[in-house]
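1. only geometry, no sequence info:
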């Protein structure tokens, strides 16, 4: 099992929400990374657009594949089918800034924002556990 952080703009998050968190679009630039995504992996959704917050935990249902028509604002033709695990209301989104010091995939804490500029990146399982614990607190 691997864990992936997917950064999306708020407008694309609204599309994701409208399709009930069933699929994610990713740019062709990330084909090498997408080739590593497998069924059963987990996805952490990070909303960029000056929001800098974690909004959802999803599980990958199948290997990524290409589509002919994009539903995303950025014309992403690579698709990952997912299923929701936990979706936060916007008012409960998790601000990433207080967590930067606790996240292992961010080695240069001063420039933490750079780590969220990629559409998709692999993150450590320990980072997933950090997010999962926060999600559990929100739901209990």
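-> Cool, the structure landed. Here the structure is a predicted model, which means the values were calculated and not measured.

2. so where's the chain uncertain?
-> Filtered on pLDDT under 70, the chain yields the residue ranges 139-140.

3. please, where are all the strands along it?
-> All strands of the chain, identified by DSSP state E, fall at 3-8, 23-26, 42-47, 53-60, 65-66, 78-87, 94-95, 120-123.

4. check which helices and strands the fifth one is in contact with.
-> Packed against strand 65-66 by the contact rule (3 or more CB pairs under 8 Å, 6 or more residues apart in numbering; DSSP states H and E) you find strand 78-87. Every residue, glycine included, has its C-beta placed from N, CA and C.

5. what inclination does the strand it packs on have with respect to strand 42-47?
-> 90 degrees (axes from the mean of the first three to the mean of the last three CA atoms, to 10 degrees).

6. tabulate the strands of the chain (TSV), appending distance to residue 101 and mean neighbour count.
-> Output for the strands of the chain, formatted as TSV (distance: least, CB to CB, whole Å; neighbours: other CB atoms under 10 Å):
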stretch	distance to residue 101	mean neighbour count
strand 3-8	17	23
strand 23-26	28	23
strand 42-47	17	23
strand 53-60	15	21
strand 65-66	37	10
strand 78-87	23	17
strand 94-95	13	14
strand 120-123	15	19
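
7. so can I have a markdown table of those strands showing distance to residue 130?
-> Putting the strands of the chain into a markdown table (distance: least, CB to CB, whole Å) gives the following:
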| stretch | distance to residue 130 |
| --- | --- |
| strand 3-8 | 11 |
| strand 23-26 | 21 |
| strand 42-47 | 10 |
| strand 53-60 | 10 |
| strand 65-66 | 30 |
| strand 78-87 | 14 |
| strand 94-95 | 10 |
| strand 120-123 | 10 |
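
8. nearest to residue 105, of the ones you listed?
-> The closest of these to residue 105 is strand 120-123. By CB to CB, the value is 4.6 Å.

9. what helices or strands is the closest one leaning on?
-> Helices and strands touching strand 120-123, by 3+ CB pairs under 8 Å, 6+ apart, are strand 3-8, helix 31-34.
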